[in-house]
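>>> Requesting a structural model of the entry that follows:
(2 chains)
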There are 2 protein chains.
Amino acid sequence: MKKVGVAILGLGVVGGGTYKILTEKRDFYKKNHGVDIIVESVLELRKERALALGIDEQKIASNIAEVCSNPEVDIVVEVMGGVDPAKKYVLAALNAGKSVVTSNKELFCKYSHELEKAAKKNNCGLFFEASCVGGVPVIRSLLDNLQGNKITSLLGIINGTTNYILTKMSDGGASYEDVLKEAQSLGYAEANPTADVEGYDAAYKLSILSSLAFHTKIPFEKIYREGITAIDSLDISYGKRLGYTLKLIALGKNTENGIEVRVHPAFIKNSHPLASVNDSYNAVFITGDCVEDVMLYGRGAGALPTGSAIVGDIIYCATHDNFNYSAFKNTPNADPDTKFVSNFKSAYYIRLVARDKAGVLSKVSAVLGKNSISLSQVIQENAEEENGGVPLVLVSHETSEKHILKAVEEINAIDKFAKVQSVIRVVT
Amino acid sequence: MKKVGVAILGLGVVGGGTYKILTEKRDFYKKNHGVDIIVESVLELRKERALALGIDEQKIASNIAEVCSNPEVDIVVEVMGGVDPAKKYVLAALNAGKSVVTSNKELFCKYSHELEKAAKKNNCGLFFEASCVGGVPVIRSLLDNLQGNKITSLLGIINGTTNYILTKMSDGGASYEDVLKEAQSLGYAEANPTADVEGYDAAYKLSILSSLAFHTKIPFEKIYREGITAIDSLDISYGKRLGYTLKLIALGKNTENGIEVRVHPAFIKNSHPLASVNDSYNAVFITGDCVEDVMLYGRGAGALPTGSAIVGDIIYCATHDNFNYSAFKNTPNADPDTKFVSNFKSAYYIRLVARDKAGVLSKVSAVLGKNSISLSQVIQENAEEENGGVPLVLVSHETSEKHILKAVEEINAIDKFAKVQSVIRVVT
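Next comes the predicted model:
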């Protein structure tokens, strides 16, 4: 039986999960694929992690050179995260003729062109299904299944931590800070949650997914990014009354005007399949000119779901002899021909507090009208509720972001009149 | 640029859609994949179909031998449906060294072992993503992405026609017969709807999907099959009141007791993601021991969505040199080691009409209790509503099918007492 040796770089949550799957299911893979996949080496600075998993001391490498020169290693699994030293290690592995399976979205987002070049040069496989949306089969669906399509849009909930936080805020009305603390204590958010809550993680993934979907490099820097730290649970509850659920969305659009890529909180209509993607579940909703709508849903993170994606890639790599690479010109920067849309259009939710009820709606409507903004929904409360002012909640029809920002500025500028508390985009 | 010639066998809805996609997007594929995919030949008895699509008369083959001996043809797309003559044609193509892409679920379900053998012998590709669930990327997800998992269950809504009919019955309360007629006039159901409404189509697909998921051949004959022709819209509305949606489900389970495969109408809890899969949309909900839950959702049929799957396979085939085959022992019959569960367990919805209200619930409960069946939900109406009798609707906890059938028999046997009108399984 063909033997395939694997090295795992990093034994954190995902690396440990991958090790467990590979060792516990070795016979299952032998039976189903006729290939014996053996973990031959691990590289982990915290040696106790390796020992706790029951790994033979002789299999614990002390540096990357040892992994690369090990003739028993065919596939290197990189699950360390971050660019440094992951990039150096992955390039070393590829240049040593090892195929690479990675879950590293930041590395792949920023340096896929360098990794791919090294993989091609050395006839190695380079697999990254686990870099985006955990166990959800979205990379291979884009790379293989959906290639018949011009993909026109891609709308995803692709970060588990923020979706958990927003779901809890929506369920219980608790504040962002309280839910974040709870999520941290449960291990759903990291001690330093910036990468998740500020939308970096989602933007890395969107860069990868939209590059594949739109057949051109979409660099991270081109993605408009806004996190969830400023979300007030009051807006979530007003949104509920209007029929919306608040999500951190990753949106890519490929229109005649150009490509639009953005990560930010947004209200989604409750009737949209993405609105009921809760907790740490993730989903990507893809629209193509042939396939129409496709949605892929599942666990976006976690040791075993992400391990499932990694092991799927390992088995594919172990049972294939020739490897293919991205179906686009994988360059560091966007193609000069690619146009990006910055003044995008959306519907908007606006909440303001007015000092006095008299004439609020008419004054606000006048400002909006002047800026070519029309309304689809309004909530005006009878009581004086907040900060001694009268709350007014509006949802606009689709308009351009520029118009909204100008209108908000104008409303805030009316002397002693009203203050806009929140502006949240609405996916229509 | 590499040229790849395609022949299309059958220019019906899907064949015509595939032709249109390939010709209209030829430049798009050249640009993205560096390969020029050209329709070199079509085989269609109704020549006017080919002419209506604007196909050159010289490209219209008059028999399969002509297609097989055409040196310009590399890939044969079979979209004729049915076993005869599709099987003969596909085998001829493979034996002539052409790779095959098929959307034919009946053919692949019944003869995948023969087709695969011919493909292997001739080093040809054999692709069948389009055979199951249209544009939804379920075959490749099972074959590649999810191989790290022992898949424990697969629950799908995988027939568009029946899902359209049940959605309309649920929305408007119309009868099965009326909605079927409407669906036929709109082209959503065929003039002879048997394959869809009796569950054959779903069972072919379930055979293919569960064979891949469970790594062993699941023959069509092993699938319990029941259609939707006896569904009364009264039950759909009682189900709604209890929090359920009626769907034609395809269920595969791989448990310690063996494999369970069945296609039948079932109530699904409204909170389950499959309950909101409506109209001609389809979805497959897959549970694996690593990935947990994954759901793949999209258009299960139609010229362009199915064409998307076919063209995805064509591009894959055109850009790969080595081909892999099923990750299981692809035999005509089930492996002798495979155990099948026939007396499966489920929760059950039971509607009966009693002649008299007095003591109905206690008498029925006594019969159920004797058969080890306990109840989770009951609706007993005050008024005498139906057929001059009193309706009683019950939902049981999980129990075995044998117990339910015996209890129903016993209730019906009580002299002049009550008659069970419907028994519908409930997915818990």
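>>> tell me, how many neighbours does A:Leu375 end up with?
Neighbourhood size, A:Leu375 [other C-beta atoms under 10 Å in any protein chain shown]: 17. C-betas here are computed from N, CA, C, even on glycine.
>>> Can you spell out which residues form a bridge with it?
Beta bridges link A:Leu375 to A:Ser396 when assigned by DSSP bridges.
>>> these two touch, right, it and A:Leu368?
Yes - taking contacts as C-beta atoms under 8 Å, A:Leu375 lies within contact range of A:Leu368: 6.9 Å.
>>> what residues do these two have in common as contacts?
A:Leu394, A:Ser396 (C-beta atoms under 8 Å, 6 or more residues apart in numbering or on different chains).
>>> Enumerate the residues of the stretch 301-428 of chain A near chain B.
A:302, A:304-305, A:307-312, A:314-316, A:319-322, A:324, A:327-328 (C-beta under 8 Å from any C-beta of the partner chain).
>>> of the residues you listed, buried ones?
Neighbour counting with 16 or more other C-beta atoms under 10 Å in any protein chain shown marks A:302, A:304-305, A:307-312, A:314-316, A:319-320, A:327-328 as buried within these.
>>> Would you check which pair of those lies furthest apart?
Using C-beta to C-beta, the pair of these lying farthest apart is A:Leu304 and A:Phe328, separated by 31.1 Å.
>>> picking that back up, of all the buried ones among the residues of the stretch 301-428 of chain A next to chain B, the one with the weakest confidence?
Minimum pLDDT across those is recorded for A:Ala327, with 74.
>>> Contacts only, for it.
Neighbouring residues of A:Ala327 by C-beta under 8 Å, 6+ apart: A:Leu143, A:Gln147, A:Leu212, A:His215, B:Asn32, B:His33.
>>> tell me which element the closest residue to the second one other than its chain neighbours falls in.
Distances taken as C-beta to C-beta, 6 or more residues apart in numbering or on different chains put B:Ile315 closest to A:Gln147, at 4.6 Å, once the chain neighbours are dropped. Secondary structure assigned from DSSP states H and E places B:Ile315 in helix B:303-319.
>>> Keeping just the C-alphas, turn that helix into PDB.
Presented in PDB, the C-alpha positions along helix B:303-319 are these (Å, rounded to 0.1, in the frame of the first residue of the first chain):
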ATOM      1  CA  ALA B 303     -31.200  24.100 -18.100                       C
ATOM      2  CA  LEU B 304     -28.700  26.600 -16.800                       C
ATOM      3  CA  PRO B 305     -28.100  25.300 -13.200                       C
ATOM      4  CA  THR B 306     -27.700  21.700 -14.400                       C
ATOM      5  CA  GLY B 307     -25.700  23.100 -17.400                       C
ATOM      6  CA  SER B 308     -23.400  24.800 -14.800                       C
ATOM      7  CA  ALA B 309     -22.600  21.500 -13.200                       C
ATOM      8  CA  ILE B 310     -21.900  19.900 -16.700                       C
ATOM      9  CA  VAL B 311     -19.700  22.700 -17.800                       C
ATOM     10  CA  GLY B 312     -17.900  22.700 -14.500                       C
ATOM     11  CA  ASP B 313     -17.100  19.000 -15.200                       C
ATOM     12  CA  ILE B 314     -16.100  19.700 -18.800                       C
ATOM     13  CA  ILE B 315     -13.700  22.400 -17.700                       C
ATOM     14  CA  TYR B 316     -12.200  20.100 -15.000                       C
ATOM     15  CA  CYS B 317     -11.900  17.300 -17.500                       C
ATOM     16  CA  ALA B 318     -10.300  19.700 -20.100                       C
ATOM     17  CA  THR B 319      -7.700  21.000 -17.600                       C
END
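>>> where's the residue nearest to A:Ser365 when sequence neighbours are not counted relative to A:Gly369, distance?
Nearest non-adjacent residue to A:Ser365, counting by C-beta to C-beta, 6+ apart: A:Leu375, 7.2 Å away. According to C-beta to C-beta, to the nearest Å, A:Leu375 stands 9 Å off from A:Gly369.
>>> next one: A:Gly160
Per C-beta to C-beta, A:Gly160 is found 41 Å from A:Gly369.
>>> quick one, helices of the stretch 251-400 of chain A?
All helices of the stretch 251-400 of chain A, identified by DSSP state H, counting those that start in this stretch, fall at A:303-319, A:360-370.
>>> quick one: buried residues of the shortest one?
Taking 16+ other C-beta under 10 Å as the basis for neighbour counts, the residues of helix A:360-370 that come out buried are A:Val360, A:Leu361, A:Val364, A:Val367, A:Leu368.
>>> Can you name the residues that contact the third one?
Spelled out, that is A:Val364. Counting by C-beta under 8 Å, 6+ apart, A:Val364 touches A:Leu352, A:Ala354, A:Leu392, A:Leu394, A:Ile411, A:Ala418.
>>> So for it, what's the pLDDT?
pLDDT recorded at A:Val364 is 93.
>>> now check stretch A:128-138, is it near chain B?
Yes - counting by C-beta under 8 Å from any C-beta, chain B has neighbours in stretch A:128-138: A:Glu129, A:Gly135, A:Val136, A:Pro137.
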